[in-house]
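K.L.:
Turn this into a model:
(chains A and B)
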There are 2 protein chains.
Amino acid sequence: MTDEVVKLVVVGSIGIDTIETPFAKREDVLGGSASYACAAAALFTPTGMVGVVGDDFPPAYEKAYDDFGIDLTGLQKQAGKTFRWSGVYSQNMDERETLSTELNVFADFSPDLPSAYRTAPFLFLANIDPVLQHHVLDQMDAPAFVAMDTMDLWINIRKEDLIQVIGRVDLLTVNESEARLLTGEHFLPVAAEKLLELGPKYVLIKKGEHGSMLFSHETTFALPAFPLGRVEDPTGAGDAFAGGFIGALAASGEVSGDGLRNAMVQGSVVASFAVEAFSLDRLTQLTPAEVRERAAAYREIVRIP
Amino acid sequence: MTDEVVKLVVVGSIGIDTIETPFAKREDVLGGSASYACAAAALFTPTGMVGVVGDDFPPAYEKAYDDFGIDLTGLQKQAGKTFRWSGVYSQNMDERETLSTELNVFADFSPDLPSAYRTAPFLFLANIDPVLQHHVLDQMDAPAFVAMDTMDLWINIRKEDLIQVIGRVDLLTVNESEARLLTGEHFLPVAAEKLLELGPKYVLIKKGEHGSMLFSHETTFALPAFPLGRVEDPTGAGDAFAGGFIGALAASGEVSGDGLRNAMVQGSVVASFAVEAFSLDRLTQLTPAEVRERAAAYREIVRIP
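P.N.:
Predicted coordinates:
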C-alpha cells in the first residue's frame, strides 16, 4: 500500500466474476467497476478505493489491490459473501449476456469515507447505485473534479436519483447505448447536448472498439480506440478506460479541454491493455514503461498531419 | 463540363434509386457508386466518369453531373433502362435492406475508356463487377495510383476475380463487414494484414459513423468520423468518402502516408455532407468554402494536444 496522500477516491463495485468468451471460461476471478478503475488509476496517481467485500474475499485478491498500490483504507469487509457476477460474451465479443448477479454484501453497502479521503481533490463515482453515489458526494469536502459512470440498470430503475447525481458532477461518462437510453436520442452529439443540459460540464461517451468522444458546451473531441488484433476479455474495459482517464487527469491536474484530451489518450491505452487478458491479469503485469510506449505508438496512429 | 485534362478516372455504377428511411421516402433519385464518387472527387480534381445509362436517364441528372464539373466523355448511353435500386433503412439508419435491383443496361456494360482517360495518373475502380474493374485496368497506360472498392455481392459470387483485381491495385477500400467477409477475421488489424497480403500497399477500412482506418505494412492510421447530429440518407456515404479521398489525393499528388491521411480527412468531410440530404442533393449545393470550413472544424475535433 502506498504511503502517499490519496489524490483520487474511487467508489464502485467489487465483484467475483465468472466469465465465458467464445474461447475460454474463467471462474471466480477478480472484477467489479472499482477494481478495474482503481487498478488503472493507480498507474498514474495515489488512489483510494471505497467498496465492500465479504469474508470470503480471497486474500490473493486483496494482495493484488495492494500490489497495484491502491490505498485500501476505504475498503470495508463485512460478514457474508462478496458480490458475484457471471456473464457470457457473443462470438465477436461485442455483446454480452448476464447469466447471474448475486448482490450479497453489496445489498446493504453504505460507503463511509475515511477522513483522509474527504479532502481528496479528485473523485470518481464508478458504476454503482446512484443513491450511494449521492451518499459519497455528500461526504466529500470540496473536490476539484468529480466524474461519474453508471449503467442501464440504474437508468431503468433509479432514473430520478441518477439524474440528480448527474447534476452534481463535472463529468458524466457513459457508453453509447446508455447515452441513447438516457436521452432517447440516437445521434451522439444530440444525446450529449441533452446530457450536458442535466448539469455536467463534460460528457464522455465510450464507444468500445470505436473509441470515445468528449463533449462540452464549447467543444467536441473524438478519439479512435487503440487498434487491437486480439481481445481476450472485454470485461471492465470501460472501467479501466475511466480509471486511467481520471487517474491521468489527477496526475496532471490539468482540468481543461486539452488536459481531458490527453487523459483520454491514457485511458484508451490502459483499456487496450486491460482486454488483452482475463480479469485484471494484464493490468497486474503492466509497467509504466509499457503504458508510455503504447501511448507513443497510439499518438502516431491518430496523428493528423 | 470542365475543359481541364482529366486527372482522375472513376468507373462505377450509375443508378436511379428509390430510398426509404424512417422519416421519408424518395423515388427515382440519382444514385450509384460512380455518381457519388465523381461528385465528391470533382470538388478537388478534374474527374472523368466511366459508366452507362439507359435512354430513360433524365436530362436533369446529366445536367447535375455537368454542374459538378464531371467530364462525361466516358459516359455511355445505351438503348434500354438505367440500372435501378431500391432499399429501406432501419430505425437508426445503421442497417439497410435491398428491396429490388434491376440491372437493365448495366447487365451488358463494357467500359471502354476514351483515349484521353488512359493516361490519367489516378484511377478509382468504384464498386462494380470485378471483371469490369479488370477490363478498365487493362486499358490504362500506367496510372500512378489505383484505388478500388467492392461489395459483399462480389465477395460472394466473384471472389476469384475480385482477389485478382485486389492484387493489381495500390489501395483497397472496403467497409468493416466486407473486410470480415473477405478474410474471415473479426479484428480489423488482423483482417487488414490478410488483405495486404493480397497485394495492395494500402487497405482503407470504412466504418461509417465510427470513422475509418488506413493500414499498410508499416503503419496504421485511425480517424473518427465527423460527428453528425442528423443523417437524412446514408446512401452513397462510402462512395462519397472514397471519391473525396481519391480526389483530394489526386489534387495533392502526395501518395505518401501523410498524403493519404490528409486525403482521408477530406473524404470524411465530404461524406459528412453527403448524408445530410437525399441522393446527391447536398453535394450539389456544396461549395469548396464549406468543405474548407468543416475540414478546419474537424481537425480541431480530432486534434491531440
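
K.L.:
rest of the way, CA atoms for contacts and neighbours
P.N.:
Fine.

K.L.:
helix, strand or coil for A:F226?
P.N.:
coil (DSSP: H, G, I helix; E, B strand; the rest coil).

K.L.:
Can you name the residues that contact it?
P.N.:
Neighbour list for A:F226: A:209, A:211, A:268-269, A:272, A:298 [criterion: Cα atoms under 8 Å, 6 or more residues apart in numbering or on different chains].

K.L.:
who wins for most neighbours among the residues you listed?
P.N.:
Across those, neighbour numbers were computed from other Cα atoms under 10 Å in any protein chain shown; A:S268 holds the maximum, 29 neighbours.

K.L.:
Alongside chain B, which residues does chain A contribute?
P.N.:
Neighbours of chain B within chain A, by Cα under 8 Å from any Cα of the partner chain: A:92, A:186-190, A:210, A:219-224, A:227-230, A:258, A:261-262, A:299-305.

K.L.:
which stretches of chain A have low pLDDT?
P.N.:
Scanning chain A for pLDDT under 70 picks out the ranges A:1-3.

K.L.:
Name the SS class of A:A142, please.
P.N.:
coil.

K.L.:
Was I right to think it contacts A:T119?
P.N.:
Yes - assessed by Cα atoms under 8 Å, A:A142 is found in contact with A:T119 at 6.9 Å.

K.L.:
Please say which of those two ends up with more neighbours.
P.N.:
More crowded of A:A142 and A:T119, by other Cα under 10 Å: A:T119, with 20 against 14.

K.L.:
any idea how far chain B is from that one?
P.N.:
30 Å (Cα to the nearest Cα, to the nearest Å).

K.L.:
Can you give me every residue that contacts that residue?
P.N.:
Counted by Cα under 8 Å, 6+ apart, A:T119 has contacts A:140-143.

K.L.:
All the helices of the stretch 151-300 of chain A, residue numbers only.
P.N.:
Using DSSP state H, counting those that start in this stretch, the helices found in the stretch 151-300 of chain A span residues A:152-157, A:159-166, A:176-183, A:188-196, A:237-252, A:257-274, A:281-285, A:288-301.

K.L.:
Just name the most buried of those helices.
P.N.:
Each of the helices of the stretch 151-300 of chain A was scored by mean neighbour count; the highest is helix A:237-252, a mean of 28, by mean count of other Cα atoms under 10 Å in any protein chain shown.

K.L.:
tell me which strands and helices that helix is in contact with?
P.N.:
Under the contact criterion of 3 or more Cα pairs under 8 Å, 6 or more residues apart in numbering or on different chains; DSSP states H and E, helix A:237-252 touches helix A:33-41, strand A:122-125, helix A:257-274.

K.L.:
any idea how far that helix is from the chain center?
P.N.:
In terms of Cα atoms, centre = their mean, to the nearest Å, the centre of helix A:237-252 is found 7 Å from the chain centre.

K.L.:
Next: stretch A:91-104.
P.N.:
For stretch A:91-104, the distance to the chain centre is 17 Å (Cα atoms, centre = their mean).

K.L.:
and if you look at stretch A:235-246?
P.N.:
The answer for stretch A:235-246 is 4 Å, by Cα atoms, centre = their mean.

K.L.:
ditto for stretch A:176-190
P.N.:
That offset, for stretch A:176-190, works out to 19 Å (Cα atoms, centre = their mean).

K.L.:
what sits up against that stretch?
P.N.:
A:151-152, A:155, A:191-192, A:194-195, A:205-207, A:215, B:92, B:227-230.

K.L.:
Could you work out the end-to-end span of that stretch for me?
P.N.:
Across its full length, stretch A:176-190 reaches 12 Å between end residues, using Cα to Cα, to the nearest Å.

K.L.:
give me the residue from the stretch 101-250 of chain A nearest chain B.
P.N.:
Across the stretch 101-250 of chain A, the shortest distance to chain B (Cα to the nearest Cα) belongs to A:F221, at 4.6 Å.

K.L.:
ok, now which ones touch that residue?
P.N.:
A:213-215, A:261, B:300-303.

K.L.:
Include distance to B:A37 when you put the residues you listed into a markdown table, please.
P.N.:
A markdown table is the format used below for the contacts of A:F221 (distance: Cα to Cα, whole Å):
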| residue | distance to B:A37 |
| --- | --- |
| A:M213 | 29 |
| A:L214 | 31 |
| A:F215 | 32 |
| A:R261 | 34 |
| B:E300 | 26 |
| B:I301 | 25 |
| B:V302 | 24 |
| B:R303 | 27 |
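
K.L.:
Show me which of those residues is closest to A:P234.
P.N.:
A:M213 (19.1 Å; Cα to Cα).

K.L.:
For B:L249, see how far away the closest one is.
P.N.:
28 Å.

K.L.:
likewise A:N156?
P.N.:
Counting by Cα to Cα, the gap from A:N156 to B:L249 is 49 Å.

K.L.:
hang on, A:M213 packs against A:L223?
P.N.:
Yes - assessed by Cα under 8 Å, A:M213 is found in contact with A:L223 at 6.2 Å.

K.L.:
ok, what's across the strand from A:G15?
P.N.:
With DSSP bridges as the criterion, A:G15 is bridged to A:G31.

K.L.:
Give me the nearest residue to the most centrally placed residue in chain A, chain neighbours excluded.
P.N.:
The structure's chain A has its C-alpha centroid closest to A:D239; by Cα atoms, centre = their mean the separation is 2.6 Å. Nearest non-adjacent residue to A:D239, counting by Cα to Cα, 6 or more residues apart in numbering or on different chains: A:A37, 4.9 Å away.

K.L.:
and what of A:M213?
P.N.:
In space, A:M213 is closest to A:A222, 4.5 Å off (Cα to Cα, 6+ apart).

K.L.:
Could you give the separation of stretch A:76-93 from the chain centroid?
P.N.:
Counting by Cα atoms, centre = their mean, stretch A:76-93 comes out at 16 Å from the chain centroid.

K.L.:
Give me the buried positions along that stretch.
P.N.:
Residues A:76-78, A:81-89, A:93 are the ones in stretch A:76-93 that count as buried (16 or more other Cα atoms under 10 Å in any protein chain shown).

K.L.:
Now secondary structure and distance to A:S110 too, for these, in JSON lines please.
P.N.:
Below are these laid out as JSON lines (DSSP: H, G, I helix; E, B strand; the rest coil; distance: Cα to Cα, whole Å):
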{"residue": "A:Q76", "secondary structure": "strand", "distance to A:S110": "9"}
{"residue": "A:K77", "secondary structure": "strand", "distance to A:S110": "12"}
{"residue": "A:Q78", "secondary structure": "strand", "distance to A:S110": "11"}
{"residue": "A:K81", "secondary structure": "coil", "distance to A:S110": "16"}
{"residue": "A:T82", "secondary structure": "coil", "distance to A:S110": "15"}
{"residue": "A:F83", "secondary structure": "coil", "distance to A:S110": "14"}
{"residue": "A:R84", "secondary structure": "strand", "distance to A:S110": "18"}
{"residue": "A:W85", "secondary structure": "strand", "distance to A:S110": "20"}
{"residue": "A:S86", "secondary structure": "strand", "distance to A:S110": "24"}
{"residue": "A:G87", "secondary structure": "strand", "distance to A:S110": "26"}
{"residue": "A:V88", "secondary structure": "strand", "distance to A:S110": "30"}
{"residue": "A:Y89", "secondary structure": "strand", "distance to A:S110": "31"}
{"residue": "A:M93", "secondary structure": "coil", "distance to A:S110": "34"}
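
K.L.:
for those residues, which one is nearest chain B?
P.N.:
A:M93 (9.8 Å).
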